[in-house]
Structure formats: C-alpha cells, structure tokens
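> structure here, sequence nowhere to be found:
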C-alpha cells in the first residue's frame, strides 16, 4: 500500500478535483468485462464508485476481493456522482476471493432464508441487507440520545441470575462454577432497583429466552431496549416517555441512515404527537371478542392496528389495562384519576402496525404490595429477598418499558421473519454462524 | 400527589423564584431533628435540597422514604445554592423505609466490600458511590460518540456460540435446548466478520469468562467495549483510533459527569496527543527482565507505567510487538515499515497507570494465513468454518481493540477492587444480588 495520497471514500469521490490522483480502498463489488474495457465497481462503507480499466493487461480481481485503487478522478456524466476513476493501478489486499454464495452486486438479494442465514458474514454485505442493520444502528442511537437528553443514566446489569424465579419461564441454565445459574430473560428486576439510585435508567443488551416455539417472531436471544423511570403518576407517564423515544428513534433514522431507508425499502412511520390509547375492555369490544377474553390474539392485534390507522391515521396504538391475571406479579393494578380496579392493570402493550412491539406499565412500589402479590401467587417472598431490598428501603412510584430491537426493525422493512434483521440469529435450531 | 405546580428538581431549586410554591420529589436523604425544627435533606437524581420543617406536628418520614414536598422557596444564604424550602407539606409516596444497612447521608461510605456488594441496591444510592457509575455511563457515551463520528456502525452479536473453540478457554456451558452451547468470551470473531460488511464496527456488551481465580481485577461477567476497523496499515492505525476513543471518553466524563468527578474523587487523566509506545523487547529491557520472558508480570506493568509518567508525563503507554506465542491465532505477525519478524506480533497492550486496560492489534486477513495459523496450533480449520467464510470472500487488513469498562472506571477512582465499580458483580462466589 502506498501511503499517499490519503484515502478517498466512495462517497467523497464526486467532490474530488477532476484530473487529480485519488486512492480508494474497498471490495470489488462488480467486475464487468467488455470487449475493450473492464468496469470495476468498488464498494466501501460509504457506497460505490466506478473504476474504468482500459489497460487489457491489468488483472481485475474477482468480486469481493479487497483492493486498493490509485487512479485519476475523471468527470463522466454517466458515472454515479459524475466522477469515475480512470487509468487505475489496482493492488489486491488479499487473495482472490472465492465466489460468493449469492450475487451481491444484483440490486435485489433474492435468496431463501436458510441461504441468507447460513452465509450471514457474506450476505450482510449486500447493500440492501446491510441497510437493514443500518436502520437498527440508527434506531439504537436515537433511543439513547433521547433518554440521555431526558436525564436517564445508562446501566449494565448482570445476565447471570441466581434463580429461575428471578428470570421467569423458559430460562437457559448455565453451569456456573459447578452450580446452576440462569440467563436473565430481561433486566426487569435490576432496572427497577436502579430507579432507586438514578431515578431514570436505560439498558440496551441481550436477553435470553429458551423459547420452544419456532415462529417468525421469536428468537432465543435478542436485543432489548429497556427503560425505567421513577416519580410517575401512572402508566400514562411511561407511555409519554415511550412516545418521545420512538420519535427520537425515527428522527435518528432520518438523520443518520437516510440512504439506508431507500436501500432497504423501509416504511418509516410518523410518530403522532399523542399515541391513541384503548382500554383492553374496549379493545375486546372493538374486535368483537368476548368480554372475558384474557388476552389479545394476533388477529385482534392486527384489527386494532387497522382501526388506529383508519381512525387516527396512526401506525401506533397503545392498549392499556390488560387483566392483572395475565401480567407479572410486579404489575401495578389499575389506578388512574382516583379510580381503582383490581381486575385491570396500569400496564400497556404498544402495537406497531398491528404487532406487539413494546410492553410497559407501572410497577408496584410499596413493600407490602410486593409481599401480598408474591404470596397471592403462592410463592414465598423470601425467594425474592435481594430484589425486595430496594422496596423496603424506599422506592418511588415507577414504571418502564422494553422494546425488542429486531421486532422494530422487522416492522420498518416489513420483513417476513425477524431473523432477516438479526445479525446472527439464535433459535431452537440455529446456533451458527 | 397534587399535579401542580410542576416538579422542581433539586438542582433547579436555586433558580426558583423566592416566595414561589415549589414541588419536589425524592428520597429523605437526611432527617435531623433539633429542638425547634427539623431539617430534611431531600435527594433526587440531580442532587440535594434542604427543607426546613417548623411545624412540630408534621411527621418527617425516616431516611430513604420517598416523599413529595410542596412548600415555599425561601432565600437563605446558609442553604446549598442559597435557597431552601420552608412551610412544607410532606406526602410519603411509600411506606416508611427500613433503616438502611449503611448511613447513606454520611459524606464517605465507609463499609466493607461484602456489605457494599450484599446491599448493592441500597449502597449504590450513596452520592459518592453513585458518582462512580456516572463516570462509567459518561465514558460509554464518549466511546460511542467518538466512534459514531468516525464512521463506525454499532453491532450486536450473539452471546451463544456453538463451540468452546470459538469462545476460548474458561468458557461457561449452557444447556441449549438439550445440547451444549457456550457463552461468548468476546465478540472477536463476529466483529471481524462485520468488518467485512461495515468496515468499522463497535459493540458494547457483556462478555463471560469462567475465571477460576478470585482476584481484585477479574469478574465472571463484565462489560466489553469492542471496536474493529478495516483498511489499516498496521496496529499503529488501531492505536490511533484507540487514542481518539480514550480522549472522547475523558471529554464526555468532563462534559456529562463533572459533578461525579468531584463526588467520586476521580483522577481523570489527560490523554496525550500521541500515546508513548514501547516495543515488548525494549519493555523487557527497561524493567530488567530476561529477554526471553514471554509476558509482562504485573510488577513489570507497574514499572512501565511509572516510566511513561516520568519520561512522557503520560498515564498511558502502549507495549507493542508481544510474542506471537502468547497471542491468539488470529494475531498478525510483526510487519511494519517493510520489516517482518515472525517472533513478534502487530499487537499491543495499553497500560493505564501501570495496569493493562486494553488489548488490541492487527489481525490476519488472508485465508491462507488463517489456514496456516490454525494448523500450526494443531487444530483443524474445519472447526472454524463459519468464521473463515468471511476471509475466503475477501477481507481487508484490519484490527481492533477491547476496553474493559470496569477496569477503566476502577482506575479512574483508584478502586482497590473492580467489584466496587460494577453494579452487580458476578464471580466465582457471587451470584446475587
């Protein structure tokens, strides 16, 4: 490699001085050999650039080989951005690449799901596929920036937990220095305890679910975007913060991944100033389900999503008040504007285009309420002693939510399967690559 | 709770209009009962505020109880910030808090390590302890902001891996749907593969090490700040990015956690424009170790740290060229300025105040080099097939590094034990709280 001139990124090429010498580095995205010349399309992290090779003795390495190209920036109205590189010297930076399992240079990546996943290190290189993850990365950035600005503190809590109780059903068991430990299904208990310290906290990290069902929306490991905040009036305060977070994620996608929106064909939503809210009871009535139905079926969620779109022009709708019987023990019962109802809860699901994206709500905060709730489920509060410390020593009314990253990105690009937007998915059957 | 006036945060109180009614929420940090009045010091996420209770019938709840205080903002030159709250109405938001295991209102948190850790949900509330994590959170923010600005893409890679080979020694084994899986010791293989996609990537997440040693600097789970970048000349390019990242972390600490620096008594370093670099061979000579010594002992690291401080005024020093025999198989052998030496490597350790903080370097990128390196260790390249895909299909010269979050924060505050700066440490003996 020569050390001068400095590297020009593909996206910077259109701004290069015509007739100047430029140095590009990247992958051979496409090699097209015509009778009198060869077109080399170079790909780097910023995009593509066209290199014209007229010297018939010059060997252009096969597609996906990494190369350095030093040549002349030359105006050509037909080239992308109006500039191409001519008279190149090409240096391969590695051995000639093996033929990829799919043609990465074709505009669309038409492959079966197993091919996509088995060859993930290579298939993610396709610009349209890569763009899907760029939407995820920009969303993560928007999540954090919104919460940082709102006085939240980032936390990292342990993934090893002592008891399966702590972690919930479908837990993974680990050999922890000769005794069993479990992998956390969520940072729920820890983020609540940290509200006692920082008032407002968030965590982005992996969660683990030994999910025995092989569906298009479940993974054994996924990225959870968790937030929790103290001194709330009720779950509506939590929902307001969630709205800000979603708006921040969308704004970040537009700001930091605008090219990816086009490449991935993403349908980025507008987050309304106020997210429409339906009580669970009214949601059942709306979809014509029996009033004693304990949960919403996927077709109910779709119908409610369609209703929100038609009535409110919103891709989002919150269903609040889910029956206490279907919510975890730490859920706060319905209490709002002075009215209390033991049957319903101060919790919600947020549906995005008819699919559950977020679960959230207000939690219990009084130690006596925890004691009663745990006993009511036939369990012993002593099993939760470490967790209950926080409440005995003073906790504020609080609540929070968790967004599944892959579900979010999956809906943005209307992926048929959440695995399509996961870098290296893990499920019942898949543990590699 | 009354819904008006809006909440005033403790840090906002000094800016309140004197004689106006203010509403504060937080924890009873300190209750001091004098003959004629009671001082209540309230703590919220932004700091402390003083409330003066002259009404002897008014019950001030015990320390750590969460309360709402509505009262009059009153100028008092003796009060912190010049304003205090008088004539308060106090509403407890939970039951009277149990007496904390330690007195959180005392300026210093003088407790034994077991007490600190056993009661973590409560001991983290102490302002000086809380400040330690605020340094960590601000550092994370600086890490990401620096890399975002430099064209890196955030990734999240799987923590479940198929083989122990992939993960290294001292791995945790999980029951993965009836077959064994292992917890990733680092995102090394995955971040390299993603260089093939995004060129520049970073990941912040947990890594897992079944570390059988009970030392002050090892944990079974810690937060790793990983970065990896393509199209490097050699490991010095990686070191330059690392310098920018450390400078960004320090800048973020000053910008976002300036109060925490004082509270935690942190000694925040100045990151020099150029980090001094010593070759491993010269490092051995400097500390008077035999020339065939394969690694640096902790006392050697301390001596090198002292040398860097004395000679270069730097808290940081990089030791490059570690013997290949002591580095992982993917390490690139010494190759710099045209000179190649098979004995040494293009890798480095960064010492911060005489303690290893970061390991980094250039990796192999040619498929033939991987094949040879794996065979040279007596292993079968077929065991690495998924990983090797990326190299067969074209990878650039690349390298990266990993910073241990807890070691970084530990050094900032000169903690005797890395557990003191970990929210909920996990080790050989500890799995709770």
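Nice, I can see it. Note that the coordinates shown come from a computational prediction; the quantities given were computed from them, not determined experimentally.
> so where's the stretch 51-200 of chain A shaky on pLDDT?
Judged by pLDDT under 70, the stretch 51-200 of chain A has its weakly predicted residues at A:165-168.
> all strands of it, in order?
Taking DSSP state E, counting those that start in this stretch as the criterion, the stretch 51-200 of chain A contains strands spanning A:66-75, A:83-92, A:153-154, A:160-161, A:173-176, A:179-183, A:200-208.
> out of these, flag the one nearest residue B:323.
Among those, the nearest to residue B:323 by C-beta to C-beta is strand A:66-75 (28.3 Å). (Glycine included, C-beta is placed from N, CA and C.)
> show the subsequent helix or strand relative to the longest strand seen in chain A.
Using DSSP state E to define each element, chain A has its longest strand at strand A:21-33. Next along the chain after strand A:21-33, taking DSSP states H and E as the criterion, comes strand A:38-44.
> ok, that next one: who's next to it in the sheet?
Using DSSP bridges, strand A:38-44 pairs in its sheet with strand A:21-33 (antiparallel), strand A:47-53 (antiparallel).
> ok, now which ones touch residue A:62?
By C-beta atoms under 8 Å, 6 or more residues apart in numbering or on different chains, the contact set of residue A:62 is A:28, A:31, A:96-97, A:99.
> try it again with 6 Å
If you count contacts by C-beta atoms under 6 Å, 6 or more residues apart in numbering or on different chains, residue A:62 has them with A:96-97.
> one more: residue A:321?
Going by C-beta under 6 Å, 6+ apart, residue A:321 touches A:279-280, A:334, A:344.
> among the residues you listed, which are in reach of chain B?
Taking C-beta under 6 Å from any C-beta of the partner chain as the test, chain B is in contact with none of those.
> neighbour count and pLDDT for those - can I get that in CSV?
Below are the contacts of residue A:321 laid out as CSV (neighbours: other C-beta atoms under 10 Å in any protein chain shown; pLDDT from 0 to 100):
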residue, neighbour count, pLDDT
A:279, 16, 98
A:280, 24, 98
A:334, 24, 98
A:344, 21, 97
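> in CSV, list these along with secondary structure.
Conversion of the contacts of residue A:321 to CSV gives the following (DSSP: H, G, I helix; E, B strand; the rest coil):
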residue, secondary structure
A:279, strand
A:280, helix
A:334, strand
A:344, strand
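> nearest to chain B among the residues you listed?
Using C-beta to the nearest C-beta, residue A:334 is the member of the contacts of residue A:321 that lies nearest chain B, at 16.8 Å.
> and the pLDDT at residue A:266?
Looking at residue A:266, its pLDDT is 97.
> in this model residue A:412 seems to touch it, though I could be wrong.
Yes. The criterion here is C-beta atoms under 6 Å, and residue A:266 meets it with residue A:412 at 4.7 Å.
> which residues do those two both contact?
By C-beta under 6 Å, 6+ apart, residue A:266 and residue A:412 have these common neighbours: residue A:135.
> looking at these two, which has the bigger crowd around it?
Taking other C-beta atoms under 10 Å in any protein chain shown, residue A:266 and residue A:412 do not tie; residue A:412 has more neighbours (26 against 20).
> list the contacts for the more buried one?
Contacts of residue A:412 by C-beta under 6 Å, 6+ apart are A:135, A:266.
> residue A:268 too?
Listed by C-beta under 6 Å, 6+ apart, the contact set of residue A:268 reads A:250, A:253, A:261.
> now it: phi and psi?
When read as degrees, to the nearest 10, the backbone of residue A:268 gives phi -80, psi 130.
> that one and residue B:121: what is the separation?
The gap separating residue A:268 from residue B:121 is 39 Å, by C-beta to C-beta, to the nearest Å.
> same thing with residue A:417?
For residue A:417, the distance to residue B:121 equals 39 Å [C-beta to C-beta].
> look up how far residue A:17 lies from the nearest residue in space to residue A:68 that is not next to it in sequence.
Once flanking residues are discounted, residue A:68 sits nearest to residue A:91: 4.6 Å by C-beta to C-beta, 6 or more residues apart in numbering or on different chains. Distance of residue A:91 to residue A:17, given as C-beta to C-beta: 23 Å.
> how long is stretch A:208-227 end to end?
End-to-end span of stretch A:208-227 (C-alpha to C-alpha, to the nearest Å): 18 Å.
> show me what counts as buried in it.
Residues of stretch A:208-227 classed as buried by neighbour count (16 or more other C-beta atoms under 10 Å in any protein chain shown): A:208-211, A:217-227.
> which residues sit against that stretch?
By C-beta under 6 Å, 6+ apart, the residues outside stretch A:208-227 that reach it are A:143, A:170-172, A:183, A:185, A:187, A:191, A:202-204, A:206-207, A:400-406, A:417-418, A:425-428, B:156, B:158, B:160.
> on that earlier part again, what angle do the longest strand of chain A and strand A:83-92 make?
Relative orientation of strand A:21-33 versus strand A:83-92 (axes from the mean of the first three to the mean of the last three C-alpha atoms, to 10 degrees): 80 degrees.
> tell me the angle strand A:21-33 makes with strand A:66-75.
Calculated by the same axes, to 10 degrees, strand A:21-33 forms an angle of 100 degrees with strand A:66-75.
> buried sites along strand A:21-33?
Buried residues in strand A:21-33, counting neighbours by 16+ other C-beta under 10 Å, are found at A:21-31.
> do stretch A:230-243 as well
Neighbour counts over stretch A:230-243 (16+ other C-beta under 10 Å) mark A:230-239, A:241-243 as buried.
> and if you look at stretch A:248-263?
Residues of stretch A:248-263 classed as buried: A:248-253, A:256-257, A:260-261, A:263 (neighbour count, 16+ other C-beta under 10 Å).
> CSV for these, including distance to residue A:83 and pLDDT?
As requested, those are exported to CSV (distance: C-beta to C-beta, whole Å; pLDDT from 0 to 100):
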residue, distance to residue A:83, pLDDT
A:248, 36, 98
A:249, 35, 98
A:250, 33, 98
A:251, 32, 98
A:252, 30, 98
A:253, 29, 98
A:256, 25, 98
A:257, 24, 98
A:260, 23, 97
A:261, 25, 98
A:263, 21, 96
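> show only the entries of these found in helices.
Within the buried residues of stretch A:248-263, residues falling in helices by DSSP state H are A:248-253, A:256, A:260-261, A:263.
> now the residues you listed as JSON lines including distance to chain B?
Below are those laid out as JSON lines (distance: C-beta to the nearest C-beta, whole Å):
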{"residue": "A:248", "distance to chain B": "15"}
{"residue": "A:249", "distance to chain B": "13"}
{"residue": "A:250", "distance to chain B": "17"}
{"residue": "A:251", "distance to chain B": "15"}
{"residue": "A:252", "distance to chain B": "10"}
{"residue": "A:253", "distance to chain B": "13"}
{"residue": "A:256", "distance to chain B": "8"}
{"residue": "A:260", "distance to chain B": "10"}
{"residue": "A:261", "distance to chain B": "15"}
{"residue": "A:263", "distance to chain B": "13"}
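> how about the residues of the stretch 51-200 of chain A that lie near chain B?
Proximity of the stretch 51-200 of chain A to chain B, by C-beta under 6 Å from any C-beta, involves residues A:64-66, A:93-95, A:97-98, A:100, A:121-122, A:124-125, A:130, A:137, A:140, A:153-154, A:156-160, A:162, A:172-175, A:177, A:181, A:193, A:197-199.
> whichever of the residues you listed end up buried, select them in ChimeraX.
This is the ChimeraX syntax for the buried subset of those, where burial follows 16+ other C-beta under 10 Å:
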select /A:64,65,66,93,94,95,97,98,100,121,122,124,125,130,137,140,153,154,156,157,158,159,160,162,172,173,174,181,193,197,198,199
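> where do the helices sit along the stretch 151-300 of chain A?
A:164-167, A:188-198, A:235-256, A:258-263, A:280-287, A:298-312 (DSSP state H, counting those that start in this stretch).
> any idea which of those helices gets closest to residue B:43?
helix A:188-198 (10.4 Å).
> now the closest one, how far from the chain's geometric center?
23 Å (C-alpha atoms, centre = their mean, to the nearest Å).
> and that helix, what's buried?
A:188-198.
> what's the closest of these to residue A:364?
Among these, and counting by C-beta to C-beta, the member closest to residue A:364 is residue A:192, at 9.5 Å.
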